[in-house]
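S.K.: missing the sequence, but the structure's below:
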């Protein structure tokens, strides 16, 4: 499939699929680590933030919040870490639901790290999309 030749409004494409910016924020307070992973979507135009509260390596609390782009721009600490496709984000979200149940009673540091790696797209060789 050919991607139509047009200006993409600074959007990146990966194998013909649109990619979306992913942001991360990590901070520690009172022995807890709060890690936030956020994706910026166009339809609807919003930021979806997945918030993990980790204490001693155990995922204590997990929830999702949605903000407007304007609200998100006012938040400190976030930095862009990659761009991803909606398919990869779906895999991330499904894995996150499984991990949130699995990690309520045991340390899951590596599982959480591996889950975030799902969002990073492998640069494919030309012609292998």
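M.R.: Okay, I see it. Not measured: the values here are computed from a predicted model.
S.K.: Check the gap between residue 28 and residue 17 for me.
M.R.: Using Cβ to Cβ, to the nearest Å, residue 28 is found at 35 Å from residue 17. All C-beta atoms are positioned from the backbone trio N, CA, C, and that covers glycine.
S.K.: The two: which has the busier surroundings?
M.R.: residue 17 (15 against 10; other Cβ atoms under 10 Å).
S.K.: ok now do the more buried one, which residues does it touch?
M.R.: Shown in contact with residue 17 (Cβ atoms under 8 Å, 6 or more residues apart in numbering): 85, 86, 87.
S.K.: Spatially nearest residue to the last one, not counting backbone neighbours?
M.R.: Closest residue in space to residue 87, ignoring its immediate chain neighbours: residue 17 at 7.3 Å, by Cβ to Cβ, 6 or more residues apart in numbering.
S.K.: mind checking how far the one you found is from residue 77?
M.R.: Per Cβ to Cβ, residue 17 is found 29 Å from residue 77.
S.K.: same check, this time on residue 65
M.R.: Remark: distance between residue 65 and residue 77 (Cβ to Cβ) = 15 Å.
S.K.: mind checking which helix or strand residue 88 is in?
M.R.: Assigned by DSSP states H and E, residue 88 belongs to helix 86-102.
S.K.: what packs against that helix?
M.R.: Packing partners of helix 86-102 (3 or more Cβ pairs under 8 Å, 6 or more residues apart in numbering; DSSP states H and E): strand 17-18, strand 20-29, strand 32-41, strand 58-67, helix 109-117.
S.K.: Quick check: buried residues in the fourth one?
M.R.: Spelled out, it's strand 58-67. Neighbour counts using 16 or more other Cβ atoms under 10 Å place 59, 62 of strand 58-67 among the buried residues.
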